[in-house]
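Enquirer: Please work out how this folds:
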Amino acid sequence: MLKITSLVYIFTIILLTSFSCKAVANEDCYILTQRSQSIGDLYLYVCKDGLKFFVPKRNFGMVSRAPNWQINLFNESTKKYFQTTMEKYAGNTAGKIVAFKGYDNIGRKWQTRKKAVICNYSAQEYCLENLSNNDSISNIRNRKINNSNIHEIDYWVCDQISISDKIAEMLSKFYGLPNIKYLPLRLNYINTKNELTNVLNTYRITKTQAPISYFNSPNGYQLVTNESEVLLDNDSQQMLKDLANDLGTTDPSLANTLSKKIK
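Expert: Below you'll find the predicted structure:
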């Protein structure tokens with residue numbers, strides 16, 4: 001009986017220790033379900049020490065975590081991933097989510113306006129008002145956007161959920177939006193006729209618990225040296241290889257150039 005009691009006691013200690021470790025390992029994680037006018041549905045996962053987004057339509061995503069915050073771009077269909085740093089990352093994907101980089105006018109600033117509730121969370125509106133043809137908008141490829149009809153741009157962020165400066169920097173770069181240090185929720189263009197075009201919208205925010213390992217680099221994926229290899233699916237990559245062969249070259253830089261043009 002004493003032996004059995006001792007075993008039960010030991011098992012209980014192990015079980016409690018296991019739960020304790022899980023409690024320490026898990027973090028509060030917010031999952032934002034969003035829709036982008038340019039790329040469709042988007043899932044954003046944010047915790048204190050990790051960041052991840054995933055685009056189901058393209059089977060493409062990005063994951064990064066503390067302490068080094070290395071950027072891992074991955075493709076679930078091809079099982080390939082590309083590693084870089086925020087300092088080195090130029091970004092074929094950056095800004096694609098909203099296709100908006102910002103204004104060239106140095107003197108123009110985003111103005112705070114009203115507050116509201118979006119998906120049961122407090123939200124703050126930032127705005128660029130009274131835009132004119134003289135205001136210059138650039139997209140992520142630094143091509144000017146025709147803004148002759150755009151009178152105002154409204155940008156909503158979640159000011160209820162705190163994020164680190166590092167995550168704010170990453171979000172700004174990947175979304176191509178101003179670094180306001182809050183989670184991006186909504187972006188609207190309003191034209192001179194007061195008609196609204198929604199470019200980015202968040203329609204669900206879920207709070208859960210997640211282990212920091214969820215934000216590790218992909219396991220079992222092939223590491224590649226070119227970001228473009230991650231952005232394309234198998235069929236697209238084969239098409240590029242066939243095209244390069246038809247042109248009589250195997251130069252990888254050509255495939256990289258072609259992939260940027262067809263995305």
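
Enquirer: So K57, which state does it fall into?
Expert: helix (DSSP: H, G, I helix; E, B strand; the rest coil).

Enquirer: What count of nearby residues applies to it?
Expert: 10 (other Cβ atoms under 10 Å). For every residue, glycine as well, the C-beta is placed using N, CA and C.

Enquirer: For it, give me its contacts.
Expert: Residues in contact with K57 (Cβ atoms under 8 Å, 6 or more residues apart in numbering) are 39-41.

Enquirer: Now the nearest residue to N120 once chain neighbours are set aside: which helix or strand?
Expert: Among residues not flanking N120 along the chain, I205 sits closest, at 7.0 Å (Cβ to Cβ, 6 or more residues apart in numbering). Assigning secondary structure by DSSP states H and E places I205 in strand 196-211.

Enquirer: Okay, now the sheet partners of the helix or strand following that strand, with direction.
Expert: Once the chain leaves strand 196-211, the next helix or strand it forms, by DSSP H and E, is strand 222-223. As defined by DSSP bridges, the strand partners of strand 222-223 come to strand 80-84 (parallel).

Enquirer: CA atoms of the strand it pairs with as PDB?
Expert: Extracted C-alpha coordinates of strand 80-84, given in PDB (Å, rounded to 0.1, in the frame of the first residue of the first chain):
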ATOM      1  CA  LYS A  80      10.100  25.600 -48.600                       C
ATOM      2  CA  TYR A  81      11.200  28.500 -46.400                       C
ATOM      3  CA  PHE A  82      13.500  31.500 -46.600                       C
ATOM      4  CA  GLN A  83      15.300  33.100 -43.700                       C
ATOM      5  CA  THR A  84      16.400  36.700 -43.400                       C
END
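
Enquirer: Quick one: mean pLDDT over that strand.
Expert: Strand 80-84 comes out with an average pLDDT of 93.

Enquirer: Show me which positions of that strand end up buried.
Expert: 80-83 (16 or more other Cβ atoms under 10 Å).

Enquirer: Need these in a markdown table (columns: distance to A123).
Expert: Output for these, formatted as a markdown table (distance: Cβ to Cβ, whole Å):
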| residue | distance to A123 |
| --- | --- |
| K80 | 37 |
| Y81 | 33 |
| F82 | 33 |
| Q83 | 34 |
